[in-house]
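Student: Got a predicted model here, sequence first, then my questions.
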Amino acid sequence: MSEKAAEKLIYGFHSVLARLRHDPAGILEIYLDVTRRDARARDLVHQAKAAGVRLAQVEADRLERLVGKAARHQGVVARVRPVALSHSLDDILDNVAGAPLLILLDGVTDPHNLGAILRSADAFGAHAVVAPKDNAVGLNATVEKVACGAAETVPYLMVTNLARTIEDLQERNIWVIAADMDGDTPLSGIDCKSGIAWVLGAEGSGIRRLVKQRCDQVARIPIGGTVESLNVSVSAALCLYETARQRGG
């Protein structure tokens, strides 16, 4: 792998500050809009200096050339080394103390949804988020920005076959629950105290039939109003909250 291929760009204050806190050695250089003189920018400069990370103050058009005009970079971009996904799902589960909590995503391709799900996963103590290698979004700059640092703390694993992964989890006595509007059991009726993996699908297409058939149970989130369904990231947050609530945390 070339040196250039071993780099990527992240942007936005949440993403860059999170990397500074968790992995300053992985930051190659930070670029800050020279016109940013506010408290947030001063804090970034202070933390970069304290961590020994090189920071360059540049014109705004250079940031746009780096990440594109459409990116909401907030005036800060960083060149970083990608976070190594050194753990397999088996490695993670072998080291979990207590009941595992996982999120399995089937067909989620929107980076904003994945970023929000990672953020909720971090907030409610999920051990990993899992998705198939095909028809899924990877960890890109948009995901990292929306995740507000959670992309650095929650493992995001991409597997070859999601249905087979479900079977492997069931062999470990992890209860696999599909969250779907057609479920027979309301969310509050699911026992979340033991190991659990929540399966969620993209809006519109939902969870694929083969994947849903592999699940132990199908739960629904009761909703009122005129909407037919919730955004997948909202559904994930509700499932994670219900799990944390039942576990007393």
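Tutor: Nice, I can see it.
Student: any low-confidence regions in the chain?
Tutor: 1-5, 83-87, 249 (pLDDT under 70).
Student: pretty sure W198 is in a helix, no?
Tutor: No - read with DSSP: H, G, I helix; E, B strand; the rest coil, W198 is strand and lies in no helix.
Student: Now do the contacts for it.
Tutor: L102, I103, L104, I177, A179, A236, C239, L240, T243 (C-beta atoms under 8 Å, 6 or more residues apart in numbering). Heads up, the C-betas are built off the backbone N, CA and C, glycines and all.
Student: Of these, just the buried ones, PyMOL syntax please.
Tutor: To isolate the buried ones among the contacts of W198 in PyMOL, judged by 16 or more other C-beta atoms under 10 Å, type:
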select buried, resi 102+103+104+177+179+236+239+240+243
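Student: so after the helix or strand containing H46, what's the next helix or strand?
Tutor: Element membership for H46 (DSSP states H and E) is helix 39-51. Next in sequence after helix 39-51, counting helices and strands by DSSP H and E, comes strand 55-58.
Student: residues in contact with that following strand?
Tutor: In contact with strand 55-58 (C-beta under 8 Å, 6+ apart) are residues E29, I30, Y31, L32, D33, V34, L44, V45, A48, K49.
Student: try 6 Å this time
Tutor: With C-beta atoms under 6 Å, 6 or more residues apart in numbering as the test, strand 55-58 has contacts from I30, Y31, L32, V34, A48.
Student: before we move on, back to that, just the contacts of W198: which are in strands?
Tutor: L102, I103, L104, I177, A179 (DSSP state E).
Student: Just the terminal-to-terminal distance for stretch 14-33.
Tutor: 15 Å (C-alpha to C-alpha, to the nearest Å).
Student: What strand or helix carries L66?
Tutor: helix 60-67.
Student: Tell me the buried residues in that helix?
Tutor: Within helix 60-67, the residues that qualify as buried are L63, L66, V67, counting by 16+ other C-beta under 10 Å.
Student: just stretch 165-185 next, same as before
Tutor: T165, I166, L169, I174, W175, V176, I177, A178, A179, D180, G183.
Student: is it true that the first one lies in a strand?
Tutor: No - T165: not assigned to a strand; according to three-state DSSP it is helix.
Student: V159 is in contact with that one, correct?
Tutor: Yes - between T165 and V159 there is a contact under C-beta atoms under 6 Å: 4.8 Å.
Student: how is this protein carved up into domains?
Tutor: 8-80, 89-246 (automatic domain parsing).
Student: Let me know which of those is tucked in deepest.
Tutor: domain 89-246 (a mean of 18; mean count of other C-beta atoms under 10 Å).
Student: what's in contact with the longest helix along the chain?
Tutor: Criterion DSSP state H: the longest helix present in the chain is helix 232-246. Helix 232-246 is contacted by residues 101, 103, 108, 113, 116-117, 120, 124, 179, 187, 192-193, 198, 200, 203, 221 when judged by C-beta under 6 Å, 6+ apart.
Student: ditto for stretch 168-177
Tutor: P100, I166, I190, G195, I196, A197, W198, C215, D216, Q217, A219.
Student: Helix, strand, or coil at the residue most central in space within the chain?
Tutor: Residue closest to the average C-alpha location in the chain (C-alpha atoms, centre = their mean): L118, at 2.5 Å. Using three-state DSSP as the criterion, the local structure at L118 reads helix.
Student: Spit out the contact partners of it.
Tutor: A147, A150, A151, V154.
Student: Pick out the most distant pair among the contacts of helix 232-246.
Tutor: Across the contacts of helix 232-246, the longest distance by C-beta to C-beta is 29.3 Å; it joins K193 and E203.
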